[in-house]
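# prediction below, plus the sequence it came from.
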Amino acid sequence: MRPTTRLIAMAALAVLVLAGVAQAGETFKQVLPEKKVQMIATEEGIGAVSLVCTHLGCIVQESDAGFSCPCHGSRFGPNGELRQGPAPRPLPWFAVSQAPDGALVVDRGREVDPGTFYQPIA
């Protein structure tokens, strides 16, 4: 069974957030430290970026330029792109889907291409 994170965000809320983002042309980001992901909402949809460093598994922290690893100094851009090692690769993005009850689900066992966004169903 793949590890998943069930988010307490109903479809209606997600659609409202996306509507506000689309109207403003902005990006909404929310770090969920207990889930080890950052949710990103844009006019394209909702995405999820891992907060687990690809070097040795430490939890990265937000910084002015994106994310930084407190353990060994790796640096990542705002969308998880690798800027400085020793991490060997960028922070992965995870698949986002919607459960039948409308909750958003992040599948931490299924990586997707960076910039992959899910469009919630109203």
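Okay, I see it. Numbering: from 1, shown residues only.
# tell me where this structure has strands.
Taking DSSP state E, the strands of the chain run over residues 4-6, 28-32, 37-42, 45-50, 61-63, 66-68, 75-76, 82-84, 93-98, 104-112.
# so for the longest one, mean pLDDT?
Strand 104-112 shows a mean pLDDT of 89.
# the most centrally placed residue in the chain and residue 61, how far apart?
The centroid of the chain falls nearest to residue 48 when counting by Cα atoms, centre = their mean (2.2 Å). Per Cβ to Cβ, to the nearest Å, residue 48 is found 17 Å from residue 61. (C-beta placed from N, C-alpha, C; glycine too.)
# residue 51 contacts residue 59, correct?
Yes - the pair residue 51 / residue 59 is scored as a contact, 5.5 Å apart, by Cβ atoms under 8 Å.
# quick one: common contacting residues for these two?
The contact sets of residue 51 and residue 59 overlap at 33, 36 (Cβ atoms under 8 Å, 6 or more residues apart in numbering).
# of these two, who's got more company?
Neighbours per residue, other Cβ atoms under 10 Å: of residue 51 and residue 59, the larger number sits with residue 51, 22 against 14.
# got a list of what that one touches?
31, 33, 36-38, 59-60, 67, 91.
# if you rank those residues by neighbours, which is first?
Counting neighbours by other Cβ under 10 Å, residue 60 comes out on top of these with 27 neighbours.
# quick check: phi and psi at that one.
phi -80, psi 160 (degrees, to the nearest 10).
# if we can go back for a sec, ok, of the strands of the chain, where does mean pLDDT dip lowest?
Across the strands of the chain, the lowest-scoring stretch is strand 4-6, with a mean of 49.
# grab the nearest non-local neighbour of residue 85.
Leaving aside its sequence neighbours, residue 85 sits nearest to residue 74 (Cβ to Cβ, 6 or more residues apart in numbering; 6.0 Å).
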